[in-house]
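*Asks:* Sequence first, then the predicted structure, then my questions.
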Amino acid sequence: MLAASTMAQPHPTNHSTFKENDSMSPGSLLLQGLISTESNEDLEACCRAASVLSHVLKDNLQCKELVLKVELEAPLSSFSSTEPLLHRIVKHLAHAAAKRNANTDESSTSQAEDSYIQPLILRLLITWLADCPAAVDCFLHSPAHLTYVLELVRNSNASVCVRGFAAVLLGECVLFNKSSESNRDSFAVVDAISQKIGLAAYFLNFDELKKMILSLASTSVHHHEPVTRSSSASLVEMNEIETDGISQKHDHSILQAIFDPLFVNFIKRLEVDIRERIVEVFGHTKNKFATVPAELEQKGGETETEYIKRLKSFVGEAMP
């Protein structure tokens, strides 16, 4: 019902007055929150709306396909009169990344906000693309999206969470890809991962994400332990731990909330399927592309089954 009410306005605008907000449907209000500008307040509203939409779309293919039809007024610089909501959300992700880089020397409050804005937007995209080939096709319709996510995975300045989520998003573009167009089918995505990142480096992001999840769980348990004389050295030390922990230990409360048990299990299941599908596609990539790393070429006399087994050994074991 909430997803359906986002369709109430054919082409939502980027600005509305408080009076207009009073008469908006719940879906339109949610949509208004997703249509942010470059101000900090709007990005904050966008990430909160993204969190709500994630719950609306979870395990609901009908809602996912319905919200894909939402068209927004395109920016003045665009040749198109409208753009899909999904594309606008990817732009918000890119802006949040640029804002985070600009805030590296700013206050701990700004850094704390940046620590969860990107993960929340990425979580929405991951939820949206899961089991939804139409959403994958919409995402890959713009070649810039694949290029951007590849760079996000490679970005050493991005957090472990952001790189890991970006890797999951790339994996979904393979796992749920039903396109027959050569420039955006699963073979094209796997080839891009292999050429731009490398399979071993790509899968390493899943391992790092798993370690971060375990660290978050451990931190959460620690925060619920009773405070004793020995565990509370001084107010200064506690403030230092609180400030440093946001950026270095990922212990921001909103970031912890992102990794609820259901989402963690969802990511674990996705990783297993993503690894298997990418290995399967890569095993046949040489039939579509001329360049394959020499060490991963199929050897003479090696059967398809043996070749796939060797590839699986190369990329490592899936998350338990």
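*Replies:* Okay, I see it.
*Asks:* can you map out the helices along the stretch 1-150 of the chain?
*Replies:* Per DSSP state H, counting those that start in this stretch, the stretch 1-150 of the chain carries helices over the ranges 2-5, 18-22, 26-34, 40-57, 61-67, 85-102, 108-129, 133-140, 143-154.
*Asks:* For Gln118, list the residues it contacts.
*Replies:* Leu93, Ala96, Ala97, Arg100, Ala158, Ser159, Cys161, Val162, Phe165 (Cβ atoms under 8 Å, 6 or more residues apart in numbering). All C-beta spots, glycine's among them, are computed from the backbone N, C-alpha and C.
*Asks:* how many other residues sit next to the third one?
*Replies:* Burial of Ala97 is recorded as 22 neighbouring residues (other Cβ atoms under 10 Å).
*Asks:* do the last one as well
*Replies:* Using other Cβ under 10 Å, Phe165 has 27 other residues around it.
*Asks:* from what I can see it touches Ile126, true?
*Replies:* Yes: the criterion here is Cβ atoms under 8 Å, and Phe165 meets it with Ile126 at 6.3 Å.
*Asks:* Which of the helices of the stretch 1-150 of the chain sits closest to Phe266?
*Replies:* helix 108-129 (8.4 Å; Cβ to Cβ).
*Asks:* how many neighbours does Lys210 have?
*Replies:* 18.
*Asks:* For it, give its distance to Cys138.
*Replies:* Distance of Lys210 to Cys138, computed by Cβ to Cβ, to the nearest Å: 29 Å.
*Asks:* Ile254 now?
*Replies:* Taken as Cβ to Cβ, the span from Ile254 to Cys138 is 28 Å.
*Asks:* more crowded one of the two?
*Replies:* More crowded of Ile254 and Cys138, by other Cβ under 10 Å: Cys138, with 20 against 16.
*Asks:* show me what contacts the more buried one?
*Replies:* Per Cβ under 8 Å, 6+ apart, neighbours of Cys138: Leu68, Pro84, Leu86, His87.
*Asks:* from these, which is closest to Phe282?
*Replies:* Among these, and counting by Cβ to Cβ, the member closest to Phe282 is Leu86, at 26.8 Å.
*Asks:* Just the residues contacting stretch 302-316, thanks.
*Replies:* Counting by Cβ under 8 Å, 6+ apart, residues outside stretch 302-316 touching it are 199-200, 203, 207, 275-276, 278-280, 282-283, 296, 298-299.
*Asks:* could you give the mean pLDDT of it?
*Replies:* Taken as a whole, stretch 302-316 carries a mean pLDDT of 72.
*Asks:* Would you mind listing the buried residues in it?
*Replies:* Tyr307, Ile308, Arg310, Leu311, Lys312, Val315 (16 or more other Cβ atoms under 10 Å).
*Asks:* and which of these is nearest Ile117?
*Replies:* Distances from Ile117 to those, taken by Cβ to Cβ, are shortest for Val315, at 30.8 Å.
*Asks:* and the two most separated of the contacts of stretch 302-316?
*Replies:* Asp207 and Lys299, at 27.3 Å, using Cβ to Cβ across the contacts of stretch 302-316.
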